[in-house]
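Participant: Sequence first, predicted coordinates after that:
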Amino acid sequence: MDPSITLPGLPECEPMLIGGTWTTGASTRRIPVLDPATREPLTSIAQADATDVAAAVAAASAAHRDGRWRALPPRDRRDVLLRL
């Protein structure tokens, strides 16, 4: 890597977003994220387990039923996705 390039600090573990809340999940398992150029570890991401998947599906179903996402104009949806 070019030594003149400074990368922002990354957290030890990147969380997942479930139902509007950032969480590291129910499991303590992590997936390493490696720098593709050097294969050095950059950070890790939380690995979802069955509990996390069930919570995410429940949150998505609730959001679909109440129309929070469906009722947003396309430009607002774009803004949400860009923030993520």
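Facilitator: Nice, I can see it.
Participant: rest of the way, CA atoms for contacts and neighbours
Facilitator: Will do.
Participant: What residues are bridge-paired with residue 45?
Facilitator: residue 14, residue 31 (DSSP bridges).
Participant: Quick check: phi and psi at the residue most central in space within the chain.
Facilitator: Nearest residue to the geometric centre of the chain (Cα atoms, centre = their mean): residue 16, 3.9 Å. Dihedral angles of residue 16 (phi, psi; degrees, to the nearest 10) stand at phi -110, psi 150.
Participant: all helices for this protein, in order.
Facilitator: 50-66, 74-83 (DSSP state H).
Participant: which one of the ones you listed is the most hemmed in?
Facilitator: Greatest average neighbour count among the helices of the chain goes to helix 50-66 (a mean of 13), per mean count of other Cα atoms under 10 Å.
Participant: For it, name the packing helices and strands.
Facilitator: For helix 50-66, the packing partners by 3 or more Cα pairs under 8 Å, 6 or more residues apart in numbering; DSSP states H and E come out as strand 16-18.
Participant: shouldn't residue 64 be in contact with residue 70?
Facilitator: Yes - the criterion here is Cα atoms under 8 Å, and residue 64 meets it with residue 70 at 6.7 Å.
Participant: Next, show the common contact partners of those two.
Facilitator: Common contacts of residue 64 and residue 70 (Cα atoms under 8 Å, 6 or more residues apart in numbering): none found.
Participant: sorry, back to before: would a markdown table of the helices of the chain with distance to residue 38 be doable?
Facilitator: Putting the helices of the chain into a markdown table (distance: least, Cα to Cα, whole Å) gives the following:
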| stretch | distance to residue 38 |
| --- | --- |
| helix 50-66 | 32 |
| helix 74-83 | 28 |
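Participant: With distance to residue 23 and mean pLDDT as added columns, please give the ones you listed in a markdown table.
Facilitator: Formatted as a markdown table, the helices of the chain follow (distance: least, Cα to Cα, whole Å; pLDDT from 0 to 100):
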| stretch | distance to residue 23 | mean pLDDT |
| --- | --- | --- |
| helix 50-66 | 9 | 92 |
| helix 74-83 | 17 | 93 |
